[in-house]
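S.K.: Just to be clear, the model below is a prediction. Sequence and coordinates:
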Amino acid sequence: MDKDQIEQSAALLTEARRSMRPIDGLPEALRPASVTDAHAIQDATTVGLGKPVGAFKAMAPANAEATRGVIYADTVVASPALLPAAQVPQCGVEGEVAFVFRRDLPTRGTPYTRDDVAAAVDACAAIEVVTSRYHDSDRVSNLEKLADSISNGAFVYGPPLADWRKLELGKLKVTLTVNGSPVLEQVGGHPTGDPLGVAVAFVNMMPDGVRAGQFVTCGSLTGLRYLKPGDVCGVRFDGLGAAEVTFVAAA
């Protein structure tokens, strides 16, 4: 894609975010053809919105290109969080392991190692709140979803834990509750089994590095569930902590 196509795509997604009116998809001539295109559309959307970035969601599947999605600072909320359902109308939830950077990790000539990244982060339980700028995200391509920051709506984080390195983060027992009742209890479930590995891939893909205070959330251990206004969702990881979000219905 050229710069003009990227900016046109970003303008459509920017307006969809501002107006809260979903679109059917990106016009064929403005659809990303690569991960690089999709990331560029994300970045142009960020410029169009004029919002600071407080976090990212990252994926690093085996034998595939690592990706990231932007999470804006005004949607990064400490647990227990109250989110107006009208702002995240799909009320999607995923329980995840996330990290917060205690110090900057600027770009450098050699890749950051696992130890480098582990020494710079605290870990926490998190709920990624999912909502799409498309009417039906199942009908658009994965690259279009990536251009829309992989349908991110908000990010809710539990208390960060400094002493986390003794934990096997991909093999923790996780419990997801809705309105106080468990709807999922299992051990593990992470797509790669290695949340820290996803964070390392994320750091090394970032052309401008990452900054202290930013979060990265590293893949769902609970799958995606859609709730409704008024619901309360909680996630707990044994040894790591918990996070909770309430979807506040309109008065």
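M.R.: Now that the structure is in, tell me what you want to look at.

S.K.: tell me the SS of Gly170?
M.R.: Assigned by DSSP: H, G, I helix; E, B strand; the rest coil, the conformation of Gly170 is helix.

S.K.: give me every residue that touches it.
M.R.: By Cβ atoms under 8 Å, 6 or more residues apart in numbering, the contact set of Gly170 is Val97, Gly188, His190, Thr192, Gly193, Asp194, Pro195, Leu221. All C-beta atoms are positioned from the backbone trio N, CA, C, and that covers glycine.

S.K.: Identify the residue spatially nearest to the fifth one, adjacent ones excluded.
M.R.: Pointing back at Gly193 there. Spatial nearest neighbour of Gly193, chain neighbours left out: Gly170 (3.9 Å); criterion: Cβ to Cβ, 6 or more residues apart in numbering.

S.K.: got the contacts of Gly170 as JSON lines, with neighbour count and distance to Thr246 columns?
M.R.: As requested, the contacts of Gly170 are arranged in JSON lines below (neighbours: other Cβ atoms under 10 Å; distance: Cβ to Cβ, whole Å):
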{"residue": "Val97", "neighbour count": "27", "distance to Thr246": "22"}
{"residue": "Gly188", "neighbour count": "13", "distance to Thr246": "27"}
{"residue": "His190", "neighbour count": "21", "distance to Thr246": "26"}
{"residue": "Thr192", "neighbour count": "15", "distance to Thr246": "30"}
{"residue": "Gly193", "neighbour count": "14", "distance to Thr246": "31"}
{"residue": "Asp194", "neighbour count": "19", "distance to Thr246": "31"}
{"residue": "Pro195", "neighbour count": "26", "distance to Thr246": "25"}
{"residue": "Leu221", "neighbour count": "28", "distance to Thr246": "21"}
